[in-house]
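Enquirer: One predicted model, sequence on top.
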Amino acid sequence: MKTTIKSNVYDSSSKKFINALVSFDEGLITDISRDNHVSQDVIDYSEYYMIPGLVDVHTHGRNGHDFNYIDEEGCKDIRYCYARTGVTTLMATLASAELQSIKDSITAINNSREETPGTATIAGIHLEGLYLNPLKRGAHAERLLRNLDPSEIKELIDMMYPLPVHVSAAFELDNGKEFLSSVKSMGATCGLAHSNATYDESMEFCELGLDSFTHTFNAMRSMHHREPGNIIASLMSEKAYSELICDGFHVSPVMVNVASRLKNHDKLVLITDSLEAAGCDDGKYMLGGMEVTVKNGLAINSEGTIAGSTLNLFDAMKNFMKFTSLPIEEVIPMATINPSRMVRIDKKVGSIEKGKSADFIIIDDLNEPSIVDVYSKGSRVVR
């Protein structure tokens, strides 16, 4: 049934709000009109603001669910959990684990890819684990790391289809360029992750088709004035996107501000890197098979390493505004259209446009925003 909402609607191309009517039917936006007429059949949010549903392309789980150990029932539940926070689209992210466990997770996620109105859509799979540099492994167990095997990644990507696939890896390792080429030849996108690559190596990867730098600043080569490393490559690259965890723990607010000043805002992507503890109380949790202790919202593993976050993407967006003093109009794309473009799902989601999914959030204020309502596939999310 056709539904029409009147609101101050965010236009991603101009980065401005326009007073408009948005109509949608069967989960898709059918029309956007600047007609100010409000009839009895129109849902009136004219005192509020409509922004696109958020897109989290790097999240390991939340509300007690870990994508590494999830089943089909868990996938159904977790989609409601994400939607309640404003995330209407996500890439289920897998940390390092035994190979068979990774394959079991892929199967469960693949079997839960249907689009259900009122819940978030699992658009694809982000494989962050396995192919990482032991020197920058972070919270990933060293025993689970594997050599960069082009034939093995082809087998895994084959299993993930028809979902979009994003592969994060340390491409400076042996067979890295061939591995990167294999990923790209199969239509997947790729990010440099948990890497000790030099600046020159990183920029060469960008020329070879690297799409992004995974959680910039974290698990990367240290900066030095004679060897700027992959952190500076992330911020200087005009081709690749830069992921950023904006919780105030993973990256200093000052460095978030530095990133904002250096990087083209159209290439900045806010992520959560959240683990199953997100949305839960402090306590003991798991991330990729390793125990994690959460205290005051900070997740630390037994080795004393920060292990994922308890962040949600709406708060990440608000934090970025706070840390940089940028207006919300400038920040919204970093959590919507930019990540969608990074993993090539922008034809379906990421902005409020005719023909795209009817995913959007109603917020109450532009300076101190909070969520009033969430719509996913045209259905209001029960919050």
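Expert: Thanks, I have the structure now.

Enquirer: Excluding chain neighbours, what is closest to residue 265?
Expert: residue 330 (6.3 Å; C-beta to C-beta, 6 or more residues apart in numbering). For glycine as for every other residue, the C-beta is placed from the backbone atoms N, C-alpha and C.

Enquirer: For residue 243, see how far away residue 216 is.
Expert: When C-beta to C-beta, to the nearest Å is the yardstick, residue 216 and residue 243 sit 6 Å from each other.

Enquirer: Comparing the two, which residue is more hemmed in?
Expert: Legend: neighbour count by other C-beta atoms under 10 Å for residue 216 and residue 243, higher for residue 216 (28 against 25).

Enquirer: just how off-centre is stretch 100-119 within its chain?
Expert: If you compare the mean C-alpha spot of stretch 100-119 with that of the full chain, they lie 17 Å apart, counting by C-alpha atoms, centre = their mean, to the nearest Å.

Enquirer: Could you tell me the end-to-end distance of it?
Expert: Start and end residues of stretch 100-119 are separated by 29 Å (C-alpha to C-alpha, to the nearest Å).

Enquirer: what comes into contact with it?
Expert: The contact list for stretch 100-119, computed with C-beta atoms under 8 Å, 6 or more residues apart in numbering, reads 27, 67-72, 74-76, 79-80, 82-83, 92, 94, 97, 121-122, 125, 127, 129-130, 156, 159-160, 163, 289, 357, 376-382.

Enquirer: ChimeraX command for the buried members of those?
Expert: The ChimeraX command for the buried members of those (criterion: 16 or more other C-beta atoms under 10 Å) is given here:
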select :27,67,68,69,70,71,74,75,79,80,82,83,92,94,97,121,122,125,127,129,130,156,160,163,289,357,376,377,378,379,381
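
Enquirer: can I see the domain layout of this protein?
Expert: Domain ranges of the chain: 3-51+355-380, 54-342, per automatic domain parsing.

Enquirer: now, which of the contacts of stretch 100-119 lie within strands?
Expert: Secondary structure from DSSP state E places 92, 94, 121-122, 125, 127, 376, 379-380 of the contacts of stretch 100-119 in strands.

Enquirer: got the residue ranges for the helices in this structure?
Expert: Counting by DSSP state H, the segments of the chain that form helices are 72-84, 99-110, 150-160, 176-185, 199-207, 229-236, 253-262, 313-324, 328-331, 337-342.

Enquirer: what's the most buried one of the ones you listed?
Expert: Relative to the other members of the helices of the chain, helix 337-342 carries the highest mean neighbour count by mean count of other C-beta atoms under 10 Å, namely a mean of 25.

Enquirer: which secondary structure elements does that one contact?
Expert: strand 54-59, strand 241-245, strand 268-271 (3 or more C-beta pairs under 8 Å, 6 or more residues apart in numbering; DSSP states H and E).

Enquirer: Can you name the residues in contact with that helix?
Expert: With contacts defined as C-beta under 8 Å, 6+ apart, helix 337-342 is touched by 12, 52, 55-57, 89, 166, 189, 211-212, 241, 266-271, 346, 348-351.

Enquirer: which of those residues count as buried?
Expert: The neighbour-count test (16+ other C-beta under 10 Å) applied to these identifies 12, 52, 55-57, 89, 166, 189, 211-212, 241, 267-271, 346, 348-351 as buried.

Enquirer: Quick check: residue 167 touching residue 182?
Expert: No. In this structure, residue 167 is not within contact of residue 182 by C-beta atoms under 8 Å, at 9.3 Å.

Enquirer: Common neighbours of those two, please.
Expert: Both residue 167 and residue 182 are contacted by residue 153, under the criterion C-beta under 8 Å, 6+ apart.

Enquirer: Could you pull up the contacting residues of residue 236?
Expert: Neighbouring residues of residue 236 by C-beta under 8 Å, 6+ apart: 203, 262.

Enquirer: Check what pLDDT it gets.
Expert: Here the pLDDT value assigned to residue 236 is 96.

Enquirer: Apart from its neighbours in sequence, what residue is nearest residue 287?
Expert: Ranked by C-beta to C-beta, 6+ apart and with sequence neighbours excluded, the top spatial neighbour of residue 287 is residue 275, at 4.5 Å.
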